[in-house]
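K.L.:
No sequence on hand, only this structure:
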């Protein structure tokens with residue numbers, strides 16, 4: 001016969017330990033928004049370089065999948081065109097503005113920044129498909145660059161946010177000259193992609209500022225009383 005003895009020890013109830021003796025894991029801290037934004041846009045940019053390596057290795061067959069205006073097959077290019085480039089010089093020229101403007105857009109919030117990017121992606125691609133020259137092939141991340149640029153320039157006006165307006169002013173000083181690219185220019189440059197990318201940026205700024213506009217409208221009406 002085994003004799004089991006026990007005694008009451010109140011200290012056992014002060015700090016409960018999970019089964020197995022494991023200590024509770026400390027709560028994980030999420031990365032700051034600026035770091036999340038930097039990682040996301042940096043990863044996207046590295047992806048563009050990987051795609052260009054594959055394109056070169058495939059004898060540049062990959063870049064044939066751009067936007068083909070007014071052709072059914074060319075519609076697929078709306079999905080692929082922003083990640084394809086004609087050559088390394090094309091990609092190098094897009095890299096710095098892509099990193100800077102993409103980072104600033106994501107700083108407004110990852111979900112909001114991705115939503116803005118999606119709107120620019122679709123509007124820019126669809127507008128290029130509708131208006132581009134017949135039998136042409138439109139590729140390049142510049143559709144995103146022009147869309148992000150326009151988004152950053154006008155979002156503060158729609159949202160009436162002083163901070164965002166100031167960011168827009170700085171962006172205009174640094175990159176405002178790019179806006180000339182929405183006009184027909186040198187052969188081989190997709191001004192349609194630039195133009196409709198910028199249109200997409202304005203559309204994104206308008207749609208994503210709806211919450212701020214509704215809040216202003218409620219404040220303008222003020223509290224209502226009923227007798």
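P.N.:
Perfect, I can see it now. On a predicted model such as this, the values are computed, not experimentally measured, just so you know.
K.L.:
gap between residue 211 and residue 107?
P.N.:
To residue 107, residue 211 is 17 Å away according to CB to CB, to the nearest Å. All C-beta spots, glycine's among them, are computed from the backbone N, C-alpha and C.
K.L.:
Tell me which of these two has more neighbours.
P.N.:
Set side by side, residue 211 and residue 107 show unequal neighbour counts under other CB atoms under 10 Å, the larger going to residue 107 at 18 against 10.
K.L.:
show me the contacts for the residue nearest to that one when sequence neighbours are not counted.
P.N.:
Closest residue to residue 107 apart from its sequence neighbours, by CB to CB, 6 or more residues apart in numbering: residue 37 at 5.3 Å. Contacts were defined as CB atoms under 8 Å, 6 or more residues apart in numbering; by that measure residue 37 touches 103, 106, 107, 110, 113.
K.L.:
Can you list the buried residues in the helix or strand hosting residue 37?
P.N.:
Counting by DSSP states H and E, the element that carries residue 37 is helix 33-57. Neighbour counts using 16 or more other CB atoms under 10 Å place 36, 37, 38, 40, 41, 44, 45, 48, 51, 52, 55 of helix 33-57 among the buried residues.
K.L.:
What of stretch 119-129?
P.N.:
Within stretch 119-129, the residues that qualify as buried are 119, 120, 121, 122, 123, 124, 125, 127, 128, 129, counting by 16+ other CB under 10 Å.
K.L.:
just curious, which of the residues you listed is nearest to residue 201?
P.N.:
When these are ranked by distance to residue 201 (CB to CB), residue 120 comes first, at 5.5 Å.
K.L.:
Can you name the residues that contact that closest one?
P.N.:
Each residue near residue 120 by CB under 8 Å, 6+ apart is listed here: 143, 144, 147, 148, 151, 197, 200, 201, 204.
K.L.:
Output these in JSON lines; the columns should cover distance to residue 160.
P.N.:
Supplementary listing: these in JSON lines, determined by distance: CB to CB, whole Å:
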{"residue": "143", "distance to residue 160": "28"}
{"residue": "144", "distance to residue 160": "26"}
{"residue": "147", "distance to residue 160": "22"}
{"residue": "148", "distance to residue 160": "21"}
{"residue": "151", "distance to residue 160": "16"}
{"residue": "197", "distance to residue 160": "25"}
{"residue": "200", "distance to residue 160": "22"}
{"residue": "201", "distance to residue 160": "18"}
{"residue": "204", "distance to residue 160": "17"}
